[in-house]
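Enquirer: here you go, sequence then predicted model.
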Amino acid sequence: MKVEHSEEKYFDPDWHRPDVIYGNNLVSRIVESGDTVAVATMEIPWNLVKDRFPVKPETVVFVQNMELETLKTQEKNVPPVSVVVGLGGGSSHDLAKYLALKKKARLVQVPTILSADASVTSAIGIREKGKVKYIAHVNADRILVDFSLIRQAPKELVRYGAGDILSSHTAIYDWKLASSRGKERFEQRYYDEARRILSNLERKQLEIREVTDEGIRTIVELYLGYAEIAEKLGSDRAQEGSEHFFAYNVEHVTNKQYVHGKLLAIGIMIMSYLQNNDFEKTLGLTSSLGFETNLTTIGLGKQDFSRVLKTLRSFVEEGGYYYSTINETDFDTATVEKLYETLCKNDH
Ligand SMILES: [Zn+2]
């Protein structure tokens, strides 16, 4: 097939759904004999499959961090290959996209956890001096969703993947807000489509919580739904808003790495509270999904929490993130206090 990666854009209105294969024991089908392969992965997922991997890879590249400088250095050491396999979670998939782009290779994504939607999206999420940036458009040729492989991961690393779907609840509110302020183009049909995806999430909440095959398939299919909106709209506004920016600032302030969905769960509760946007109902849904929404889950003390919120507005303004609820909130001491109490009450 023709490789259609691009460094000039990070979305594609002519996007077509990648070939998604669901099943058990799919490792032998990741690549074919004759392919020359680079694997982008991490220690744990690689150890799960290396003995069953169908060919001997030319190289196995391990995720270090997502800083562009690191990616450039890693890419230089990769020989020409016909296929790049991203095996693992979000960082492995973003690293794989970067290598596939540079090597003009086909991209095969194999999620072993689903803590974020990077296995399905085409934009590469990187960090530049600690700030999240999306670069380039990289079309996956194939996504292999191996239930038996994914079920070897801790369940929470799969169910929290739904955080990147539930994020739409607060993100589309932000999108509408931004458009009402003349900051953004709005398209009702994609807004409606996002709402439809959210109601599918609600219908399958218990399957997701239990990490059944159907739950896993639902998360991947709903990711694809958002990927399609993002490609056609030319922005991921329907899925990424203030809840994500909160998550990014937690990482920025604490300089730690987190399970993406865990940060999102808290960001979603904070923003739905500030937006006066179905807070109680959303809290119920997070709980049914098996999400924790109290601050102890992410080990964030009161002092750090306060720092994250008080710097949030300048973080989004200086970082050039989308206009959102954050731009219209004064994170003064009283507001921070109120949010802290609200989240601490959510100790299920
Ligand atoms: Zn996300």
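Expert: On my side now, so go ahead. All values reported here derive from a predicted model rather than from experimental measurement. Numbering: from 1, shown residues only.

Enquirer: how about low-confidence regions in the chain?
Expert: Along the chain, segments meeting pLDDT under 70 span 1-3, 346-348.

Enquirer: quick check: phi and psi on the one residue sitting closest to the centre of it?
Expert: Taking Cα atoms, centre = their mean, the centroid of the chain lies closest to A116, which sits 3.2 Å from it. The phi/psi pair for A116 (degrees, to the nearest 10) reads phi -160, psi 170.

Enquirer: quick one: it and Y258 touch, right?
Expert: No. Between A116 and Y258 there is no contact under Cβ atoms under 8 Å: 10.7 Å. Using the backbone N, CA and C atoms, a C-beta is placed for each residue, glycine as well.

Enquirer: residue contacts, the residue nearest to the centre of the chain?
Expert: A116 makes contacts with 89-90, 161, 163-164, 260-261, as judged by Cβ atoms under 8 Å, 6 or more residues apart in numbering.

Enquirer: if you set the cut-off to 7 Å instead, what comes out?
Expert: Shown here is A116, whose contacts under the criterion Cβ atoms under 7 Å, 6 or more residues apart in numbering are 89-90, 161, 164, 260.

Enquirer: again with T112
Expert: 45, 48, 87-89, 149-150, 153.

Enquirer: how far away is it from T335?
Expert: Using Cβ to Cβ, to the nearest Å, one gets 40 Å for the distance from T112 to T335.

Enquirer: quick one: which of the contacts of A116 has the most company?
Expert: Highest neighbour count within the contacts of A116, by other Cβ atoms under 10 Å: G161, with 31 neighbours.

Enquirer: residue contacts, it?
Expert: G161 is in contact with 114-116, 219, 261, counting by Cβ under 7 Å, 6+ apart.

Enquirer: try 10 Å
Expert: 89-90, 111, 113-117, 119, 150, 208, 211, 215-216, 218-220, 222-223, 259-261 (Cβ atoms under 10 Å, 6 or more residues apart in numbering).

Enquirer: before we move on, back to that, farthest pair within the contacts of A116?
Expert: G89 and D164 (11.9 Å; Cβ to Cβ).

Enquirer: my read: V49 touches R29, true?
Expert: No. With contact defined as Cβ atoms under 10 Å, V49 does not count as touching R29 (11.7 Å).

Enquirer: looking at the two, which one has more neighbours?
Expert: Between V49 and R29, counting by other Cβ under 10 Å, V49 is the more crowded of the two (21 against 15).

Enquirer: may I see the buried residues of stretch 152-161?
Expert: 153, 156-161 (16 or more other Cβ atoms under 10 Å).

Enquirer: and those, which of them are in helices?
Expert: Here DSSP state H is the test, and the buried residues of stretch 152-161 give 156-159 as lying in helices.

Enquirer: distance to D14 added to these, as TSV?
Expert: Shown next, in TSV, are these (distance: Cβ to Cβ, whole Å):
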residue	distance to D14
E156	37
L157	33
V158	31
R159	33
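
Enquirer: and after the helix or strand hosting T170, which helix or strand comes next?
Expert: If you go by DSSP states H and E, T170 is part of helix 163-180. Sequence order places helix 188-203 as the next helix or strand after helix 163-180, per DSSP H and E.

Enquirer: going along the chain, name the helices of the stretch 1-150 of the chain.
Expert: 43-49, 68-76, 90-103, 147-150 (DSSP state H, counting those that start in this stretch).

Enquirer: name the helices or strands packed onto the longest one?
Expert: When contacts are defined as 3 or more Cβ pairs under 10 Å, 6 or more residues apart in numbering; DSSP states H and E, helix 90-103 packs onto strand 37-41, strand 59-62, helix 68-76, strand 83-88, strand 106-111, strand 123-128, strand 131-137, helix 260-275.

Enquirer: ok, the second one: who's next to it in the sheet?
Expert: The reference is to strand 59-62. strand 37-41 (parallel) (DSSP bridges).

Enquirer: F245 versus S288, what's the distance?
Expert: S288 is 25 Å from F245, where distance means Cβ to Cβ.

Enquirer: so for those two, which residue has more residues nearby?
Expert: F245 (26 against 13).

Enquirer: what's the helix or strand for the more buried one?
Expert: Using DSSP H and E, F245 sits in helix 242-254.

Enquirer: for that helix, name the packing helices and strands.
Expert: Applying 3+ Cβ pairs under 10 Å, 6+ apart, one finds that helix 242-254 contacts strand 123-128, strand 131-137, helix 163-180, helix 260-275, helix 302-310, helix 312-319.

Enquirer: dump those to JSON lines, plus distance to H5.
Expert: JSON lines is the format used below for the helices and strands packed on helix 242-254 (distance: least, Cβ to Cβ, whole Å):
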{"stretch": "strand 123-128", "distance to H5": "10"}
{"stretch": "strand 131-137", "distance to H5": "7"}
{"stretch": "helix 163-180", "distance to H5": "22"}
{"stretch": "helix 260-275", "distance to H5": "24"}
{"stretch": "helix 302-310", "distance to H5": "35"}
{"stretch": "helix 312-319", "distance to H5": "26"}
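
Enquirer: got the CA positions of stretch 137-150 in CSV?
Expert: Taking C-alpha atoms only, stretch 137-150 is exported to CSV below (Å, rounded to 0.1, in the frame of the first residue of the first chain):
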residue,chain,number,x,y,z
HIS,A,137,0.0,13.1,10.1
VAL,A,138,0.9,9.4,10.2
ASN,A,139,-1.6,6.9,8.8
ALA,A,140,-1.7,3.5,10.5
ASP,A,141,-1.9,0.7,8.1
ARG,A,142,-3.2,-1.7,10.6
ILE,A,143,-4.2,-1.9,14.3
LEU,A,144,-4.2,-5.3,15.9
VAL,A,145,-6.4,-5.5,19.0
ASP,A,146,-5.4,-8.8,20.7
PHE,A,147,-7.8,-9.4,23.6
SER,A,148,-5.6,-12.1,25.1
LEU,A,149,-2.6,-9.8,25.1
ILE,A,150,-4.5,-6.8,26.5
